[in-house]
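Student: return atomic coordinates for the entry below.
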Amino acid sequence: MAIVRFYGKVAAGSPVEIAAPPDEYILYLRSRLKGSPDDYFSVEISGSSMIDAGINDGDVVVIKNTSSPVSGKIMLIRYENSSTLKRVKIRRGKKGEQQVVILWEDGSGEERMLDSSEYEIQGELYDNLKTSAQICQ
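Tutor: Predicted coordinates for the structure are as follows:
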């Protein structure tokens, strides 16, 4: 087993502030990790904007640290000083610049284009443990 840090709740809806480094963690099968357990953290989902992707309110997800957006992937993204889980699409602007679009997956079709100065990628969805994760101290 590996210890994966747990940071509390993040949004799948309106962004929320991610908690400070935790004293809480989840136990996760080390054989399922690629690399060090320090490359991962976990959060609990609050909201329903990703239900069509199988991510529901109360699910605990494992996030792999990365700072680069990957088109088509579900990523933890910080914007408006808060964090949210969304699918990311990368588009090219008229001048060839990279544009990041975040997509809600709840049937609403909502999407938001973000300039590079408006967001920070915090990680990529690695696994959804649903509501079965045990949070430990």
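Student: poorly predicted segments of the chain, please.
Tutor: By pLDDT under 70, the weakly predicted segments of the chain are 13-22.
Student: which helix or which strand is home to the spatially most central residue of it?
Tutor: Nearest to the mean C-alpha position of the chain, by Cα atoms, centre = their mean, lies L76 at 2.6 Å. Assigned by DSSP states H and E, L76 falls within strand 74-79.
Student: partner strands of that strand, with direction?
Tutor: strand 82-92 (antiparallel), strand 119-128 (antiparallel) (DSSP bridges).
Student: what is the closest residue to K73 other than its chain neighbours paired to in the beta sheet?
Tutor: Leaving out its chain neighbours, the residue that sits closest to K73 by Cβ to Cβ, 6 or more residues apart in numbering is E124, at 5.3 Å. For the C-beta atoms, the positions are set from N, CA and C on the backbone; glycine is no exception. Per DSSP bridges, the residues bridged to E124 are K64, M75.
Student: in three-state terms, label the residue lying farthest from the centre of the chain for me.
Tutor: Farthest-out residue of the chain from its mean C-alpha position, per Cα atoms, centre = their mean: K95, at 29.2 Å. Under DSSP: H, G, I helix; E, B strand; the rest coil, K95 falls in the coil class.
Student: what's near enough to touch it?
Tutor: Listed by Cβ atoms under 8 Å, 6 or more residues apart in numbering, K95 has no contact partners.
Student: quickly note the distance from it to P69.
Tutor: Here the criterion is Cβ to Cβ, to the nearest Å. By it, K95 lies 18 Å from P69.
Student: on that earlier part again, please name whichever of the strands paired with strand 74-79 is nearest to P37.
Tutor: strand 119-128 (11.6 Å; Cβ to Cβ).
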